[in-house]
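Novice: Sequence and predicted model, in that order:
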Amino acid sequence: MKEKVEVILSPSSDNSIFTIYGVSDIGCEREKNEDAIYFNYPETSKNQHNNKDCLMLIADGMGGHNGGEVASKLAVHHIYSARPRFGNDVHKSLLKAFTDANRAIYRIGRQDSSLKGMGTTCTALLIRTGHAFCAHVGDSRLYLLRNQSIYRMTEDHTVHRENKKKIEPEKLTGNPELESSLLTRALGINSSVKIDTWSHGFPVKPKDRFLLCTDGLTDLVNDEDIKNVMMSYPLKEACHSLVGLAKQRGGYDNISMVALFVDH
């Protein structure tokens, strides 16, 4: 079983205390993990905005052979590598980073026949000076848990949800897992993609919990169960409990999440 776990606890640049925890589990049936996660912690010793950013990323790749694993890692790499260049306008910075990642994945997929048709979901949460910003493509999700309630902060880009034109059949590369997902948007499938972003920062409050997760969790664990677990345990225990719950219910996909708790 492959598993990646990271945890950090530190004061942020605006004197908040964040706990961040991430886990990516291969699940019960997959031979490889096509998810990718990333998070950083603000560098309090520097004054530039981009060094104060807390960036969290999650991506769920798709495609034949190694395509899904390559696509998700490319997305995460391109976006976190762009963070040092983020300007004062976080919305525009995230939009550009996602756009560049999409072009890179699309270009590599066209150059390498073994990666043809690869793509990935990607969801980013960036916190700067007490405000949260999000960019999102696909059906991974961002949740906010506040005052004993759970709020889904992203919309799934699927045929079921959007009832729009689905990805062209020839770009599904005969992959039944991708066909069943019926995504209407993903990074790398086409030369351009519509990216959901928040044009203004969302105020973060003490005791807020944020959760980024792939559909390996949400296909098997509903929002109410996610809320109950996230509100009942510290982040590390909550994340591992959610992984365990998804695996108890089949665990047929990779299960990944990054969670953040705002202590004060």
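Specialist: On my side now, so go ahead.
Novice: can we go C-alpha only for contacts and neighbour counts from here?
Specialist: Will do.
Novice: Now the phi/psi pair for residue 118, please.
Specialist: phi -70, psi 150 (degrees, to the nearest 10).
Novice: Tell me who's in contact with it.
Specialist: Contacts for residue 118 (CA atoms under 8 Å, 6 or more residues apart in numbering) come out as 61, 62, 63, 64, 67, 68, 71, 105, 106, 109, 188, 189.
Novice: Show me those that map onto helices.
Specialist: Among the contacts of residue 118, the ones falling in helices (DSSP state H) are 67, 68, 71, 105, 106, 109.
Novice: Out of these, flag the one nearest to residue 263.
Specialist: Distance to residue 263, by CA to CA, is smallest for residue 71 among the ones in helices among the contacts of residue 118, at 34.0 Å.
Novice: looking at it, that closest one is touching residue 65, isn't it?
Specialist: No - applying CA atoms under 8 Å, one finds residue 71 not in contact with residue 65, separated by 11.4 Å.
Novice: between the ones in helices among the contacts of residue 118, which has the most around it?
Specialist: Within these, most neighbours by other CA atoms under 10 Å means residue 71, with 36 neighbours.
Novice: give the contact list for that one.
Specialist: Residue 71 is in contact with 61, 62, 105, 118, 119, 120, 188, counting by CA under 8 Å, 6+ apart.
Novice: ok, now residue 235?
Specialist: Shown in contact with residue 235 (CA under 8 Å, 6+ apart): 19, 20, 21, 259, 260, 261.
Novice: Low-confidence ranges, the stretch 101-250 of the chain, go.
Specialist: The model of the stretch 101-250 of the chain has pLDDT under 70 over residues 161-181.
Novice: mind listing the strands for it?
Specialist: 119-128, 131-137, 141-146, 149-152, 196-197, 202-203, 209-213 (DSSP state E, counting those that start in this stretch).
Novice: Make JSON lines from those and add mean neighbour count and distance to residue 221 to it.
Specialist: What follows is those, written out as JSON lines (neighbours: other CA atoms under 10 Å; distance: least, CA to CA, whole Å):
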{"stretch": "strand 119-128", "mean neighbour count": "27", "distance to residue 221": "19"}
{"stretch": "strand 131-137", "mean neighbour count": "23", "distance to residue 221": "21"}
{"stretch": "strand 141-146", "mean neighbour count": "21", "distance to residue 221": "13"}
{"stretch": "strand 149-152", "mean neighbour count": "14", "distance to residue 221": "14"}
{"stretch": "strand 196-197", "mean neighbour count": "18", "distance to residue 221": "24"}
{"stretch": "strand 202-203", "mean neighbour count": "12", "distance to residue 221": "26"}
{"stretch": "strand 209-213", "mean neighbour count": "26", "distance to residue 221": "11"}
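Novice: in the helix or strand hosting residue 96, what's buried?
Specialist: For residue 96, the enclosing helix or strand under DSSP states H and E is helix 90-111. By neighbour count on 16 or more other CA atoms under 10 Å, the buried set for helix 90-111 is 90-91, 93-109.
Novice: again, but for stretch 77-86
Specialist: 77, 78, 79, 80, 82, 83, 86.
Novice: so for that stretch, what's the average pLDDT?
Specialist: For stretch 77-86, mean pLDDT rounds to 95.
Novice: CA atoms of that stretch as PDB?
Specialist: Extracted C-alpha coordinates of stretch 77-86, given in PDB (Å, rounded to 0.1, in the frame of the first residue of the first chain):
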ATOM      1  CA  HIS A  77       4.100  21.100 -10.000                       C
ATOM      2  CA  HIS A  78       3.200  23.900 -12.400                       C
ATOM      3  CA  ILE A  79       0.900  25.600  -9.900                       C
ATOM      4  CA  TYR A  80       3.100  25.400  -6.800                       C
ATOM      5  CA  SER A  81       6.100  26.500  -8.900                       C
ATOM      6  CA  ALA A  82       4.200  29.600  -9.900                       C
ATOM      7  CA  ARG A  83       3.600  30.700  -6.300                       C
ATOM      8  CA  PRO A  84       6.700  32.800  -5.900                       C
ATOM      9  CA  ARG A  85       5.500  34.900  -8.900                       C
ATOM     10  CA  PHE A  86       2.000  35.500  -7.500                       C
END
